[in-house]
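Trainee: This is the structure alone, sequence omitted:
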């Protein structure tokens, strides 16, 4: 079975299920497992990602206002690869190539060629269901069930460890300028790590907030996890923020995490994302393992 994965999370799911050898093409954002770096790249971003957050956001809005997509699909190359299965998503038109765009790019060829798997997670349970869904499509259901049960078991172990711990108030930021609070599955992860998610509930889309609303919050810890940014990129981004942020961050515990590799990638790495939260929020219970590849304290 020849598989094309157009989102990093599904590439990791395919690998998680032991089928990475079946991958024949990936997106420009797929970077794990390492073996995918030698595969044909089938998408391209129209956005210059080396700009600061505000410029990136403005460019995205301009493209979307024109009714266009943020990404390009290399349709000719994809057709030549002739995959049996293509995995994409319809959860976010900004994050990756969407199912709708894929259908427009490939047209009638899709009617008689590959099967499409559409992933659209909004919560932790949705992520697990997507793993099961991919497993069923790829004929490895028993393996997928075993993997999902392992994740569920680890979550229960974590919850039991923290059942008597005092809850912390935690604010997770998914984008820095304009400010966006992390939603979808992040509130679930905070709940599992015995923390209160501020300003957003599980399953709700990440939403923009005003700085004046931010400063009113009573926060124990602030975790910066910009979508698509690793720790170094996030640290660089802090230089562009308004000086008011310095006052807000003062006397607060602020952490930077790799939002690209972990929190904004709804696949098997969601479990490691939970461990990272536990290390940050409850360092007396979970041995902290800070590093430039996972999390650091600002």
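Mentor: Alright, I've got the coordinates. Fair warning: this is a prediction, and the values are worked out from it, not measured in the lab. Numbers count the residues shown, from 1 in each chain.
Trainee: per-residue confidence for the residue of the chain most remote from its centre?
Mentor: Residue farthest from the centre of the chain, counting by Cα atoms, centre = their mean, is residue 112 at 31.6 Å. Per-residue pLDDT puts residue 112 at 70.
Trainee: Return the distance of it relative to residue 293.
Mentor: The gap separating residue 112 from residue 293 is 44 Å, by Cβ to Cβ, to the nearest Å. To be clear about C-beta, it is placed using only N, CA and C from the backbone, and glycine gets the same treatment.
Trainee: What lies in contact with stretch 106-124?
Mentor: 4, 7, 9-10, 73, 75, 78-79, 82-91, 99, 102-103, 126-127, 129-130, 133-134, 137, 184-185, 188-189, 192, 202-203, 205, 266, 270 (Cβ atoms under 8 Å, 6 or more residues apart in numbering).
Trainee: no no, stretch 78-86
Mentor: 1-6, 24-25, 40, 42, 102, 106, 109, 113-117, 137-138.
Trainee: Looking at those residues, which are in strands?
Mentor: 3, 4, 5, 24, 25, 115, 116, 117 (DSSP state E).
Trainee: picking up where we left off before, now, of the contacts of stretch 78-86, which are buried?
Mentor: 3-6, 24-25, 42, 102, 106, 114, 117, 137-138 (16 or more other Cβ atoms under 10 Å).
Trainee: okay if I get those residues as JSON lines plus distance to residue 52?
Mentor: Converted to JSON lines, the buried ones among the contacts of stretch 78-86 look like this (distance: Cβ to Cβ, whole Å):
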{"residue": "3", "distance to residue 52": "36"}
{"residue": "4", "distance to residue 52": "33"}
{"residue": "5", "distance to residue 52": "30"}
{"residue": "6", "distance to residue 52": "27"}
{"residue": "24", "distance to residue 52": "36"}
{"residue": "25", "distance to residue 52": "31"}
{"residue": "42", "distance to residue 52": "28"}
{"residue": "102", "distance to residue 52": "30"}
{"residue": "106", "distance to residue 52": "34"}
{"residue": "114", "distance to residue 52": "38"}
{"residue": "117", "distance to residue 52": "35"}
{"residue": "137", "distance to residue 52": "39"}
{"residue": "138", "distance to residue 52": "40"}
